[in-house]
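Enquirer: Next comes the sequence, and after it the predicted model I'd like to discuss.
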Amino acid sequence: MEDLSDFKILDLCSTIGFNGHVDGGLLIHPDREHMIYTLGCQIVIRNLNTGKQEFLRGHENNIACIVMSKSGKYIASGQVTYMGFRAPIIIWDYAKRSILHRMDLHKVKVQALAFSPNDTYLASVGGQDDCTTIVWSVKTGKSVCGGDSTVKSAGNVHTIKYLNNNEDMFVTAGVENIRVWWVDAANHKIKAADCSTGTTRRIVSCIEVDADDQYFYCGTTTGDIMKVNIHTQKLVSLGPIKSTSKFSCGVTAMKLLKTNDLLIGTGTGKVKVLKTTSDKYLGVKNLTGTVTGEVTSIALRGEGHQFFVGTKHGHVNRFNLIEFTQEPVITAPNKSVSDVAFPSGTSQLFATCSGDEIRIWHTLTSRELLRICVPNMTCNTIEFTEDGQSLLSGWDDGRIRAFLPETGKPYYTINNAHHVGVTAIALTEDCRRIVSGGGEGQVRVWDLTFHPMTQTFVASMKEHTSKVTCVKLTKDNRECVSSAADGTCIIWDLVRFIRKQMVLSNTLFQCVQYHPILPQIVTCGTDRKIKYWETIDGAQIRELEGSKSGSVNGMDLSASGKVMVTAGDDRLMKLWNYNDGTVTHVGIGHSGNILNVKFCPNLQYIVSVSQDGAVLIWKFPEEAEDC
């Protein structure tokens, strides 16, 4: 790991993203005003009224589970780490927004967590490489007792739940195992009893205990619900019995309402309220809704008059229980975000491309303003025109598509622009010429006329032997530079359409930038090096180590050329003093490989996008530009 203690840490303004792959990863605080969820290696506390975000940082890797105490005083989170290493659990003081305890006993992954009803204990279950259940004292942060999660013949444990009125009893369940546990804290012992389910074998994904601690309900991947008596540890009922009545793709999330009805979410995105009076689990009329993606978490607000549903597609929707109406709260990308672009002269908006979608966001509120979708395609690169009248995009089907940024309607399309997809795109300031790079290694030039709207092929420059990763133009539009995965960077003359200069390096170039004032280009790539080159003779001026581990994927220079930002597979964003070649600030927050990073035009913010679908907006430190 890189030592970051010598650098200033960048302030994170807001995030766009929701990790829907964490089961039960969405929580509503008892004050009814804050929503808590995970995004990569940090916990986001979001005010539901103002949209303001706060962050809890302490994990070095992805958070695998999160839980909140009944009183709302504490939050506990467990992470996943590398094979052979211990995975920590952190107990957070909610009021102080700080770490209370950090516990390291589980190996590789913490699977699930549960607080006791009076916040005395925290129970934790390890993943498949650990297979232990440990009870911790919340006051001291030390383990009270522990044991094996299951018998050797059973599968892994997936979920854990404390009883509502008993500090010393909890339930665990998973692959063909359901267990009730008793804690003897005085003697530091723990006892477990396996529940008898007869010939029934199920994989349990979620548990809910009734208010009287008599029974608990288990949602299964088969699409039925098991009701088990806590005191006798015997299966009471299983339903629905009919295969046509079972819930498609399993019951993935579950909450027990005050009316004793079950609120469930399924693998197909269905949200339903079910009666628990019979084993048929009939749905309550008119209380059914559908969301995008598999439901992974349901969180009740207050008494349950409102509830929030989180899905694997990165969406969070707010439901009203009585009318069962819904509205989106978070609509984050669920695929890798490959590019980000700002319109010229404004920091209020920016666009991202992810999979088959282009989205335009409001920077201050992180709200989605527009979504453009081209089904079954992949968008590789985007760029706003200088006048802001259109948004250009390059796609893997070899087309360049232009859209109107206000409505998202198609403006024009250049068919067969490249053979193996359009991978890079740049525009002149007068908006009359496009320079594009393709997966086959060609750089092509297109002229635009507006009355009538036509796109004319001008020239093709063929020297790269592999994918063009980046294309940038000079301010006078007479020259451009292209970087490619074949280890070459070529400066092209856009008047005669010939090569002016070429630089070679033993790397796969990922990005190239012109210095706005000096006759220099800056490159970065898979060799982890940032290199400065002369544009006149192609001589290398300087070489910096951009990363201790992994490729440097994205780079941007400020308009003055004083500050440079880089980011890559080490998941860190670094702010550099260009002239000194030193790192001044570091941004920590991404849990996936960072694919691109951009300064906003007036240097208020920096936006970074990553492979896990997260978009992070950072505050630009004013002192960096004054150096």
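Expert: Yes, it's here. From a predicted model like this one, the values you see are computed outputs, not experimental measurements.
Enquirer: Residue 475 and residue 429 touch, don't they?
Expert: Yes - here residue 475 reaches residue 429: they are 7.3 Å apart, a contact under CB atoms under 8 Å. C-beta here means a position set from N, CA and C on the backbone, and glycine is covered the same way.
Enquirer: Neighbour count for those two, which is higher?
Expert: residue 429 (14 against 10; other CB atoms under 10 Å).
Enquirer: That one should be in a strand, yeah?
Expert: No - under DSSP: H, G, I helix; E, B strand; the rest coil, residue 429 falls outside any strand and is assigned coil.
Enquirer: Spit out the contact partners of the residue nearest to residue 444 when sequence neighbours are not counted.
Expert: Closest residue to residue 444 apart from its sequence neighbours, by CB to CB, 6 or more residues apart in numbering: residue 460 at 4.9 Å. Residues near residue 460 by CB atoms under 8 Å, 6 or more residues apart in numbering: 442-445.
Enquirer: Quick one, which of those residues are buried?
Expert: Neighbour counting with 16 or more other CB atoms under 10 Å marks 442-445 as buried within the contacts of residue 460.
Enquirer: What is the nearest of the residues you listed to residue 385?
Expert: residue 445 (16.0 Å; CB to CB).
Enquirer: which parts of whichever strand or helix holds the residue nearest to residue 444 are buried?
Expert: Using DSSP states H and E, residue 460 maps to strand 453-462. For strand 453-462, burial by neighbour count (16+ other CB under 10 Å) applies to 455, 461.
Enquirer: what mean pLDDT does it have?
Expert: Across strand 453-462, the average pLDDT comes to 93.
Enquirer: Same question for stretch 422-437.
Expert: Here stretch 422-437 scores 94 as its mean pLDDT.
Enquirer: What of stretch 217-232?
Expert: Average pLDDT, stretch 217-232: 95.
Enquirer: And it, end to end?
Expert: With CA to CA, to the nearest Å as the measure, stretch 217-232 spans 14 Å from end to end.
Enquirer: mind listing the helices for this protein?
Expert: Under the criterion DSSP state H, helices of the chain are mapped to 622-626.
Enquirer: How many neighbouring residues does the nearest residue to residue 157 once chain neighbours are set aside have?
Expert: Closest residue in space to residue 157, ignoring its immediate chain neighbours: residue 174 at 4.0 Å, by CB to CB, 6+ apart. Applying other CB under 10 Å, we find 24 other residues in the vicinity of residue 174.
Enquirer: Show me the beta-bridge partners of residue 174.
Expert: Going by DSSP bridges, residue 174 is paired in beta bridges with residue 157, residue 177.
Enquirer: how much space between residue 78 and residue 114?
Expert: Using CB to CB, to the nearest Å, residue 78 is found at 11 Å from residue 114.
Enquirer: tally of neighbours for residue 96?
Expert: Neighbours of residue 96 under the rule other CB under 10 Å: 8.
Enquirer: Next: residue 517.
Expert: Number of residues near residue 517 (other CB under 10 Å) recorded here: 11.
Enquirer: Please look at it and residue 559 and confirm they touch.
Expert: No - assessed by CB under 8 Å, residue 517 is found out of contact with residue 559, at 9.4 Å.
Enquirer: What about residue 396? Give its phi and psi, please.
Expert: Dihedral angles of residue 396 (phi, psi; degrees, to the nearest 10) stand at phi -80, psi -10.
Enquirer: Surely it and residue 381 touch.
Expert: No - counting by CB under 8 Å, residue 396 does not reach residue 381; the two are 10.5 Å apart.
Enquirer: hey, what's in contact with both of the two?
Expert: Counting by CB under 8 Å, 6+ apart, the contacts common to residue 396 and residue 381 are residue 422.
Enquirer: Compare these two and say which one has the larger neighbour count.
Expert: residue 381 (25 against 16).
Enquirer: which residues does the more buried one bridge with?
Expert: Beta-bridge partners recorded for residue 381 (DSSP bridges): residue 394.
Enquirer: So which bits of the helix or strand of the chain with the lowest mean pLDDT are buried?
Expert: Here the helix or strand of the chain ranked lowest by mean pLDDT, DSSP states H and E is helix 622-626, holding a mean of 78. If you call a residue buried by 16+ other CB under 10 Å, then helix 622-626 has these buried ones: residue 624.
Enquirer: same thing with stretch 27-42?
Expert: By 16+ other CB under 10 Å, the buried positions in stretch 27-42 come out as 27-29, 34-42.
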